[in-house]
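Chemist: Below: sequence and its predicted model.
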Amino acid sequence: MRERHINAILLAGLLATALAAWGLDQPFTITLATKVAILALAGVGLNITLGLGGMISLGHAAFFGIGGYAMGILASHAQNYTPLMEAPLLIEGTKSMPVIWLVAIVSSALAALVIGALSLRTTGAYFIMVTLAFGQMLYYFAISWPAYGGEDGLSIYVRNGFPGLNTLDPIQFFGLCFVLLCLVLLFVARLGRAPFGLALMAARQVPARVEAVGLSPYRLQLVAFVLSGAITGLAGALFADLNRFVSPAMFSWQTSGEIMVFVILGGVARLCGPVAGAALFILLEHWLGALSEFWHIYLGALLLIVVLFARGGLIGQIAKAEAAHD
Amino acid sequence: MSSLLLFEQVLNGLQLGVMLFLMAAGLTLIFGVMGLINLAHGSLYMVGAFAAAAVAGATGSFLLALAASLAAAAAAGAVIEVGVIRRLYDRDHLDQVLATFALILIFSEGTRWIFGSFPLFLDVPDYLSGPVTLPGGIQYPLYRLVIILAGLVIAAGLFLLIGRTRIGIQIRAGEADREMIAALGIDITRLYTLVFALGAALAGLAGALVGAIQSVQVGMGEPVLILAFVVIVIGGIGSVKGAFIGALLVGLTDTLGRSFLPGLFGLFMEPSAATTVGSALASMAIYILMAGVLLFRPKGLFGVA
Amino acid sequence: MTEPVLSVRNLEKSFGALKATDGVSLDLRAGEIHALIGPNGAGKSTLIGQIAGNIRPDRGEVRFAGRDVTGLTTGARARLGLGRTFQISALAMEHTVLQNVVLGALAARGRAMRFWRPVLDNGALLEAAEEALGRVGLSELGAMRTAELSHGQRRQLEVAVALALKPKAFLMDEPMAGLGGEGSKQLTEFLGGLRDEAPILLVEHDMDAVFALADRISVLVYGQVIATGTAQDIRANQAVREAYLGEEAET
């Protein structure tokens, strides 16, 4: 089956699930679908670095957390009616989603710029360890900064607002997340076919050649890392809004690992791999989790099987894996 | 800031350092010899701690508990090496990361299934507890001193093993050229299992030793694993010497940072702000150290690979 | 006389106790093919590495396109117009033949940081890429995955990617490597015609190609250039015969 058709089916399926749940008045299922959309978004972000760029970032939770805390900090100041800062600039909190998203994207991008600039000086196994370490650094920082809940996290009582919508209505919030996911997927699809995508994928396969034609693999990878972090940061802000809660766990190595698991289960370097992977993960969490509280063992076993025997993930198996290029 | 306090914290830093060395040495050997990045190392640390706690609880003997930690971790290491790890040597790093991450999930949840979610307790035995008076009049816990000494002895043993024995030569040759040693007729399958089990045993022992002063619970291994990664990045992948120096650097930076940064900030900030900023910065200190090393030596201080 | 397109002066490079490059000077003039030959271990790769920018010399100077490029990276030198082919083909195996050449074309036009419009929609880039492919004779294979090409076709593609850069000079590292008789002949002919567009510094073992193509030959032995001259001069040179061609004469 052609990949484009698989992608359409996946997205349509997600939308249909939410709409059906809405029709059947099952808000919990809508929430699950929303979770899939948001986690898929986080995975799409990671996939720019991992799939296109071939860089194994085990610290993407850093950006997920930054996006989440951007939301948490802005919203908590708004709900407490205290400004973030009074001098030299008056910065007040806000509960407006567009503003929060913008802040989340910009701050994650900046963090990715700094972390990427340092980490990309290394390669291979060093890069994996370094990104993991930076994620952990932010985790410990979030725990030890008491102003925003520390280890206990921060609750936001009311979901943030989007002009013209009632964001507390599950289907409308789902709609927002779904639209964002689709827009980002469109952007990433174009990115892959654009000159930048070509150069980035070449840098993954044969960096010596990329240099020999006058490009800088480091620069290409850094830009990719920044885009990647920004998108995962946006997902973090949405996730925090979904749960109306943000905590240091968003920075944890487990979160980094899980985001990578979605991408791999669905098929790394496949455009909609993260969508398939996130859907699979949420389904497993829901069904297996109901059967056994130790369902992570089965997740681990599944992951092991996929890695050892079923390379290419879900989409790879369906599309009779051919290298993802276009 | 008294010099007594400083000395005590330096010792604490050394203690953290030698424990990190046990973890990092195994990791760096496994990477250097087999080219494998092993995220499950933290699980082996945990297995050692749990084995020790279980045996100590059953028999009351700390020595037996330590022996159990070595045996259990080495056995667990050998089992996963034969079952999973050896399929990964020829794979790329991504597959290794994912497969060993899967192992973490299995080990963690498996342990929780067997032992439950509540921490186990491993007590420091009576003959090792209590303070000891050091030259200069400082009182320092005997057990921590024993840990430092044990760690140094093991470090010396490891250097001897690698520098002076047949196995050590094979290890060093394997680090330099994997294909060549196979061509020379050395049984690399056995060598790899041995190296992996050795690394696992060291991790398990560290878990047991530390388990007596902290608690033994699921998930205790991963934070240490990540610290060990920081050590390896600083020291250089594949270098046991680098792991030793890196571990001491990280141990000292972390411990001294946590003790003295808040106080340092207190010199020019009000106390509550100083504690907040100081502790936050202290929690980031070793990562800032790592970033600093990366700026000048992206392959670590003694990087081989 | 105008400055040569590419020149190295008194280049030195040591790896520990091993002196890989020991005071090498040579140049590449417009319109010429200058071949670099020497026995294995002579230090050719190290020398090429220093000219291309992968290796930093301990002492000495590399000049290209009228500038001192000794401190510049490989990428910077490529941007100045230094084209390169590798001894072992450096191609993106998952990409198609066309995509590999387009990479060269888009780098030459400085258009890598474009994120939206598909690269294959860009008429100018496609034209440049197709032209390069056509010149090496791979036009038909544009859509084929590089991994599926034969060895000879990959060597041709290697040249095409360098061509797409429209370089001022070529650095070619054993382009004939692994080519059979027919392939070598074709490539030799092709390179002969190429020299007028941009001079070529050619590292080669294939003596037939060297003597057929080279306007000048430099012989590198133990890190030193022991002779530079025309094919005739080199064949007659006693030191060269002993060090290098002497072995060849036996075969």
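Modeler: Right, received. Where do you want to start? Predicted model only: the values in this text are computed from it and were never measured. Residues are numbered from 1 along each chain as shown, chains lettered A, B, ... in the order given.
Chemist: tell me the pLDDT at the residue nearest to the spatial centre of chain C?
Modeler: The residue lying closest to the centre of chain C (Cα atoms, centre = their mean) is residue C:172, at 1.5 Å. Note on residue C:172: pLDDT of 93.
Chemist: does it count as helix, strand or coil?
Modeler: Under DSSP: H, G, I helix; E, B strand; the rest coil, the three-state class of residue C:172 is strand.
Chemist: Test my guess that it contacts residue C:198.
Modeler: No: counting by Cβ atoms under 8 Å, residue C:172 stays clear of residue C:198, with 11.0 Å between them. Heads up, the C-betas are built off the backbone N, CA and C, glycines and all.
Chemist: Would you mind giving me the confidence score for residue C:124?
Modeler: At residue C:124, pLDDT is 88.
Chemist: Could you pull up the residues touching it?
Modeler: Residue C:124 is in contact with residue C:109, counting by Cβ atoms under 8 Å, 6 or more residues apart in numbering or on different chains.
Chemist: residues of whatever helix or strand it lives in that come out buried?
Modeler: Under DSSP states H and E, the secondary-structure element containing residue C:124 is helix C:123-136. For helix C:123-136, the neighbour count (16 or more other Cβ atoms under 10 Å in any protein chain shown) marks C:125-126, C:128-133, C:135-136 as buried.
Chemist: Could you check how far it is from the centre of its chain?
Modeler: Centre-to-centre, helix C:123-136 and its host chain are 20 Å apart (Cα atoms, centre = their mean, to the nearest Å).
Chemist: Quick check: end-to-end length of stretch A:87-105?
Modeler: 24 Å (Cα to Cα, to the nearest Å).
Chemist: Run through who's touching it.
Modeler: By Cβ under 8 Å, 6+ apart, stretch A:87-105 touches A:66-68, A:70-71, A:73-80, A:82-85, A:158, A:160-163, A:167, A:176, A:230-231, A:233-234, A:236-238, A:241.
Chemist: pLDDT score assigned to whichever residue of the stretch 1-150 of chain B sits closest to chain C?
Modeler: At 13.9 Å from chain C, residue B:92 is the closest residue in the stretch 1-150 of chain B, using Cβ to the nearest Cβ. The score at residue B:92 is 88. That number is its pLDDT.
Chemist: now it: how far from residue A:53?
Modeler: Distance, residue B:92 to residue A:53, by Cβ to Cβ, to the nearest Å: 14 Å.
Chemist: Can you tell me the closest non-neighbouring residue to the closest residue to chain C within the stretch 1-150 of chain A?
Modeler: Ranking the residues of the stretch 1-150 of chain A by distance to chain C (Cβ to the nearest Cβ) places residue A:54 first, at 10.6 Å. Distances taken as Cβ to Cβ, 6 or more residues apart in numbering or on different chains place residue A:204 nearest to residue A:54, at 3.2 Å, with adjacent residues excluded.
Chemist: which residues does the one you found contact?
Modeler: By Cβ under 8 Å, 6+ apart, the residues touching residue A:204 are A:52-55.
Chemist: Low-confidence ranges, the stretch 51-200 of chain B, go.
Modeler: Within the stretch 51-200 of chain B, no range satisfies pLDDT under 70.
Chemist: How about the contacts made by the residue in chain B that chain A sits nearest to?
Modeler: Using Cβ to the nearest Cβ, residue B:105 is the residue of chain B that sits closest to chain A, at 3.2 Å. Contact analysis of residue B:105 by Cβ under 8 Å, 6+ apart lists A:296-297, A:299-300, A:303.
Chemist: Contacting chain C as well, which ones from those?
Modeler: Among the contacts of residue B:105, no residue sits close to chain C (Cβ under 8 Å from any Cβ of the partner chain).
Chemist: how about the residues you listed in CSV, adding pLDDT, neighbour count and secondary structure?
Modeler: Listed next are the contacts of residue B:105 as CSV, based on pLDDT from 0 to 100; neighbours: other Cβ atoms under 10 Å in any protein chain shown; DSSP: H, G, I helix; E, B strand; the rest coil:
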residue, pLDDT, neighbour count, secondary structure
A:296, 91, 24, helix
A:297, 92, 19, helix
A:299, 90, 23, helix
A:300, 92, 22, helix
A:303, 91, 23, helix
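Chemist: tell me which of the residues you listed is nearest to residue B:58?
Modeler: residue A:297 (25.4 Å; Cβ to Cβ).
Chemist: show me the contacts for residue 73.
Modeler: Defaulting to chain A. A:84, A:93, A:148.
Chemist: Correction: the question concerned chain C.
Modeler: A:211, A:216, C:53.
Chemist: now it: how far from residue A:221?
Modeler: Residue C:73 is 15 Å from residue A:221, where distance means Cβ to Cβ.
Chemist: what's the answer for residue C:78, then?
Modeler: Applying Cβ to Cβ to residue C:78 and residue A:221 gives a distance of 18 Å.
Chemist: now do residue B:210
Modeler: The value you get for residue B:210 to residue A:221, if Cβ to Cβ is used, is 37 Å.
Chemist: Residue B:122 now?
Modeler: As judged by Cβ to Cβ, residue B:122 and residue A:221 stand 45 Å apart.
Chemist: again with residue C:8
Modeler: Counting by Cβ to Cβ, the gap from residue C:8 to residue A:221 is 31 Å.
Chemist: Give me the below-cutoff pLDDT ranges for the chain.
Modeler: With no chain named, the answer covers chain A. For chain A, applying pLDDT under 70 flags the ranges A:1, A:319-326.
Chemist: look at chain C instead
Modeler: Scanning chain C for pLDDT under 70 picks out C:1, C:244-251.
Chemist: How about the contacts made by residue A:237?
Modeler: Listed by Cβ under 8 Å, 6+ apart, the contact set of residue A:237 reads A:67-68, A:70-71, A:100-101, A:104.
Chemist: Let's see that with 10 Å instead.
Modeler: Contacts for residue A:237 (Cβ atoms under 10 Å, 6 or more residues apart in numbering or on different chains) come out as A:38, A:64, A:66-72, A:74-75, A:97, A:100-105, A:107-108, A:160, A:246.
Chemist: Close to chain C: what parts of the stretch 51-200 of chain A are there?
Modeler: Within reach of chain C by Cβ under 10 Å from any Cβ of the partner chain, the stretch 51-200 of chain A has these residues: A:187, A:189-200.
Chemist: Among these, name the buried ones.
Modeler: Neighbour counting with 16+ other Cβ under 10 Å marks A:187, A:189, A:191-200 as buried within these.
Chemist: Same list (those) but as TSV, adding secondary structure and distance to chain B.
Modeler: Formatted as TSV, those follow (DSSP: H, G, I helix; E, B strand; the rest coil; distance: Cβ to the nearest Cβ, whole Å):
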residue	secondary structure	distance to chain B
A:187	helix	24
A:189	helix	22
A:191	helix	21
A:192	helix	19
A:193	helix	24
A:194	coil	24
A:195	helix	26
A:196	helix	22
A:197	helix	19
A:198	helix	22
A:199	helix	21
A:200	helix	17
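Chemist: between the residues you listed, which is nearest residue C:12?
Modeler: Nearest to residue C:12 among these: residue A:199, at 35.0 Å, using Cβ to Cβ.
Chemist: ok, so what distance separates that closest one from residue C:171?
Modeler: Separation of residue A:199 from residue C:171 (Cβ to Cβ) stands at 21 Å.
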